[in-house]
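[1] Pasting the sequence and the predicted coordinates here, then a few questions.
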Amino acid sequence: MKKLYLKIAPVMAKVSLVGLIVSLLAIFGINFYAGGLEETKVYAIFYAAWAKLIVTYLAVAFVVLYVVFGWLKLWPALKEMVRKTIVSLKRNPSTIPLMMMLVTFLFYSLNLTDVSDTTAKIYGKGMGLSAFCIMLFSLLSLVCMLNAFPRRKKPNIPMIVLMFAMFGIIIFCDIHYSNTILAAITRPENPIQITVDTKYIAEAYNMLKTHMVLTIVSAALVLLMPIYSKLLRKINTSVVIEDNGEMGQIDIQD
């Protein structure tokens, strides 16, 4: 059974990869076709949705087949990728909080439209300034993080202190903006109603709460860096080289 698997595995892996590419192209083509249909063409829309569903299932099946038959090549490559990642983190553990801070910044940036619409709708005191400060100090905290832990040098203490001060300002602005939204929708006189047209207010409120949590996690990762950097050093990432046997003595008298 193992011999049969080793024979058919390379072929099936290539077939499943080609099938996956064709399925993705078919999904793109169906979406393009369905996007140009008029609302009156009900049958065409129905059949396009039906075909898209079938092709999606085929794509998932091809992914499963590729994982099953390409495992012999995928597993060593995956192990090597994980090993290199751990080696890189051993040398520069500050990458972990830096990546978390980058994710936090992107999360806020991608939801900036809801914040802008909420500011224009409520127009509360300090809302625009709070949104601006969050964006500004998020960028500056990334710059501080890049300079706080230089390679093979001692940590830059002033940069670390400045970065935590920025974390505090960001959290304060998140709380102030969230409280302003809450006060606007719960005030007794002329409260802001959350409807389908103003759902962005609720989305901005939830986003700011999540952003505050992500900022706290980023700060915690910076504080806990000495702990998990020691744990990373304990992970064995050495490469085992197979012994080819003892070399015989070489005669160099001549």
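    Okay, I see it. Fair warning: this is a prediction, and the values are worked out from it, not measured in the lab.
[2] in stretch 145-152, what's buried?
    Met145, Ala148, Phe149 (16 or more other Cβ atoms under 10 Å). Bear in mind the C-beta positions are built from the backbone N, C-alpha and C, glycine included.
[3] Return the subset of these lying in helices.
    Secondary structure assignment by DSSP state H places Met145, Ala148 of the buried residues of stretch 145-152 in helices.
[4] from the buried residues of stretch 145-152, which is closest to Lys90?
    Closest approach to Lys90 among the buried residues of stretch 145-152 (Cβ to Cβ): Phe149, at 13.7 Å.
[5] quick revisit: would you mind giving the buried residues of stretch 145-152 as TSV with distance to Val63 and pLDDT added?
    Output for these, formatted as TSV (distance: Cβ to Cβ, whole Å; pLDDT from 0 to 100):
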residue	distance to Val63	pLDDT
Met145	36	92
Ala148	41	89
Phe149	39	86
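[6] In TSV, list the buried residues of stretch 145-152 along with distance to Phe105.
    Converted to TSV, these look like this (distance: Cβ to Cβ, whole Å):
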residue	distance to Phe105
Met145	11
Ala148	16
Phe149	18
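[7] so which of the buried residues of stretch 145-152 would you say is closest to Thr186?
    Nearest to Thr186 among the buried residues of stretch 145-152, with distances taken as Cβ to Cβ, is Met145, at 37.2 Å.
[8] For the closest one, list the residues it contacts.
    Listed by Cβ atoms under 8 Å, 6 or more residues apart in numbering, the contact set of Met145 reads Ser94, Pro97, Leu98, Met101, Met163, Val222.
[9] Okay, buried residues for the strand or helix carrying the fifth one please.
    Yep, that's Met163 we're talking about. Using DSSP states H and E, the element containing Met163 is helix 157-186. Neighbour-count burial for helix 157-186 flags 159-160, 162-164, 166-167, 169-171, 173-174, 176-178, 180-181, 184-185 (criterion: 16+ other Cβ under 10 Å).
[10] Also stretch 26-46?
    Ala26, Ile27, Ile30, Ala34.
[11] related to what we said a few turns ago, and the helix holding Met163, what does it pack against?
    Counting contacts by 3 or more Cβ pairs under 8 Å, 6 or more residues apart in numbering; DSSP states H and E, helix 157-186 is packed against helix 112-122, helix 127-148, helix 199-223.
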